[in-house]
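just coords:
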């Protein structure tokens, strides 16, 4: 067992195989270790998120070692004896089926026969909601594609490493596609949104040879009402005239849902979210509007009090009577019925955050208003013409709204160079000895192919690997710097995949995550690698 750093608020526990990984994961789940926030099991690792103000990394390592020492070393993971059996019909016409057969030294018919001839175990969830890694079965060993596809259709049945899986929604992906199923693997209208869950068993059948009648879980209306609820009787509303490039509803996210393959998501700049709510007197995690690059215009229907924080953008107020003035800086302001506000293009930063006193009354999905752009969970992106209702003062435990303005933050403007602190690991040893020097000595350009999932970077020198074998899928953290085969890194932001199959050379320190969310396209990033921690035991 090895302990590897994964940023400054997580630890990656590495074990020899899936059996021992799941044994330890179950034991840790029952141990209720102090300070542990969430755990993400994977093929040979457990990613343990912790609160650094509740525990230390050294104490956590010792606690995990104690739990591991109490495990029965002869205990084996019981396969095929429990869990619901899910029968999944497959049309074996995948784009990679012939290539997979050649890689395995089999005929296409033999690949299909072996894939349908064994029962798979649903081991763990990751990558996207409803994406479950299926182990055992035919035990094929199939490498991922050299170049991932930009879009894999929903329902695609795929092989990667020694796992099989089904893509629950259209998404990028690097697994080998051997077929497709018509069953919806993820559906929020069902009582259990994930059709296959960890602990289930899966039997694939050839749809061309056998007709299968599938009984889908029935919708539970009470559960749906619990997960998706509108707060009634809005006191006012904001009419969106223009939403700019993108305007989403965000809050503190969805922690604790890794078992469904759902990452936390939430506001990228947490400081700006809290500041906006503080200025209008809301609790810190009240939903806000997250706008990209300004050009957000809205009208107040009824009296409202709002605040705009984050990116440095001027706010122009136009009253119903035609008077106009401009507000600078992070501050709260009041609108009367018919007044309009326009958030201009930022002079620095990328994302503006808009809070309203009383809160935005928007739909909850799985306990949060956050829009996860990778998982496509949460309220849809806002559109011009929408009226967003505003809550009454009685619906929130309002806080003191003083001061009405906050000092401006030092955010990067286009063309600036930004320095981000980085914690090395967990897979630094997968790279050539000079890779860390390359990471921190050359500037990295922020490319236009950047979004809430991650910032794609480009550098003159590539981050060269020393290992070129397949990395078993493992949990990733916000701020992880993942390096695909191209050698050009991606800096993960809040909507990143829960698990990934490319090595992570380091992770941006938590105190710089809000800054990372505000770096414009075209800026240069310089990484400053922090000294390695000495409290990691192996």
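Right, received. Where do you want to start? Please read these numbers as outputs of a predicted model, since none were measured by experiment. Numbers count the residues shown, from 1 in each chain.

in terms of helices and strands, where is residue 445?
Per DSSP states H and E, residue 445 falls inside strand 444-446.

mind checking the end-to-end distance for stretch 191-206?
28 Å (Cα to Cα, to the nearest Å).

return the distance of that stretch from the chain's centre.
Mean-position distance between stretch 191-206 and its chain equals 22 Å (Cα atoms, centre = their mean, to the nearest Å).

quick one, helices of the stretch 401-538 of the chain?
Remark: helices assigned in the stretch 401-538 of the chain by DSSP state H, counting those that start in this stretch are 435-441, 513-516.

and the ones you listed, which is most packed in?
Ranked by mean neighbour count, those are led by helix 513-516 with a mean of 21 (mean count of other Cβ atoms under 10 Å). All C-beta atoms are positioned from the backbone trio N, CA, C, and that covers glycine.

tell me the mean pLDDT over that helix?
When pLDDT is averaged over helix 513-516, the result is 98.

likewise for stretch 370-388?
95.

buried stuff in that stretch?
Neighbour counts over stretch 370-388 (16 or more other Cβ atoms under 10 Å) mark 370-379, 382, 388 as buried.

residue 70: neighbouring residues, count only.
Residues near residue 70, counting by other Cβ atoms under 10 Å, number 9.

what distance do you get for it to residue 338?
Look at residue 70 and residue 338: by Cβ to Cβ, to the nearest Å, they are 68 Å apart.

let me know the helix or strand that residue 49 is in.
Applying DSSP H and E, one finds residue 49 within strand 45-50.

show me what that strand pairs with in its sheet, parallel or antiparallel.
Using DSSP bridges, strand 45-50 pairs in its sheet with strand 10-14 (antiparallel), strand 36-41 (antiparallel).

tell me how far the shortest one is from the chain's mean position?
The one in question is strand 10-14. Taking the mean of its C-alpha atoms, strand 10-14 sits 18 Å from the chain's own mean (Cα atoms, centre = their mean).

ok, residue 305 - contacts?
Counting by Cβ atoms under 8 Å, 6 or more residues apart in numbering, residue 305 touches 280, 332-335, 356-357, 401.

quick revisit: turn the helices of the stretch 401-538 of the chain into a markdown table, including distance to residue 14.
What follows is these, written out as a markdown table (distance: least, Cβ to Cβ, whole Å):
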| stretch | distance to residue 14 |
| --- | --- |
| helix 435-441 | 20 |
| helix 513-516 | 25 |
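
from residue 448, how far out is the closest residue in space to residue 194 that isn't next to it in sequence?
Among residues not flanking residue 194 along the chain, residue 130 sits closest, at 4.7 Å (Cβ to Cβ, 6 or more residues apart in numbering). Separation of residue 130 from residue 448 (Cβ to Cβ) stands at 30 Å.

neighbour-wise, which of these two wins?
Applying other Cβ under 10 Å to residue 130 and residue 448 shows that residue 130 carries more neighbours, namely 25 against 8.

surely that one forms part of a helix?
No - per DSSP: H, G, I helix; E, B strand; the rest coil, residue 130 lies outside any helix segment and is coil.

need the phi and psi values for it.
Torsion angles at residue 130 (phi, psi; degrees, to the nearest 10) stand at phi 90, psi -10.

nearest to residue 200, of the helices of the stretch 401-538 of the chain?
Nearest to residue 200 among the helices of the stretch 401-538 of the chain is helix 513-516; the distance by Cβ to Cβ comes to 35.0 Å.

ok, residues contacting stretch 252-260?
Outside stretch 252-260, the residues touching it (Cβ under 8 Å, 6+ apart) are 37-40, 125-126, 129-130, 193-194, 197-198, 262-267, 270, 273, 284-285, 366-368, 370, 372, 377, 475, 494, 498.

which ones among those residues lie within helices?
270, 273 (DSSP state H).

show the buried residues in the contacts of stretch 252-260.
Buried by 16+ other Cβ under 10 Å: 38-40, 125-126, 129-130, 193-194, 197-198, 262-267, 270, 273, 285, 366-368, 370, 372, 377, 475, 494, 498, out of the contacts of stretch 252-260.

rewinding a little: how far off centre is the strand holding residue 49?
Strand 45-50 has its C-alpha centroid displaced from the chain centroid by 15 Å (Cα atoms, centre = their mean).

same for the helix or strand following it, what does it pack against?
Note on strand 45-50: by DSSP H and E, the next helix or strand toward the C-terminus is helix 57-69. For helix 57-69, the helices and strands in contact under the criterion 3 or more Cβ pairs under 8 Å, 6 or more residues apart in numbering; DSSP states H and E are strand 2-5, strand 10-14, helix 18-31, strand 45-50.

neighbouring contacts of the third one?
Counting by Cβ under 8 Å, 6+ apart, the neighbours of helix 18-31 from elsewhere in the structure are 1, 13, 15, 36, 39, 41-46, 48, 63-64, 67-68, 70-71, 75-77, 123-124, 135.

and the buried ones among those residues, selectable in PyMOL?
Restricted to buried positions by 16+ other Cβ under 10 Å, the PyMOL selection for these reads:
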select buried, resi 13+15+36+39+41+42+43+44+45+46+48+63+64+68+77+123+124+135
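
pull the helix or strand with minimum mean pLDDT from this protein.
Sorting the helices and strands of the chain by mean pLDDT, DSSP states H and E puts helix 221-227 at the bottom, at a mean of 36.
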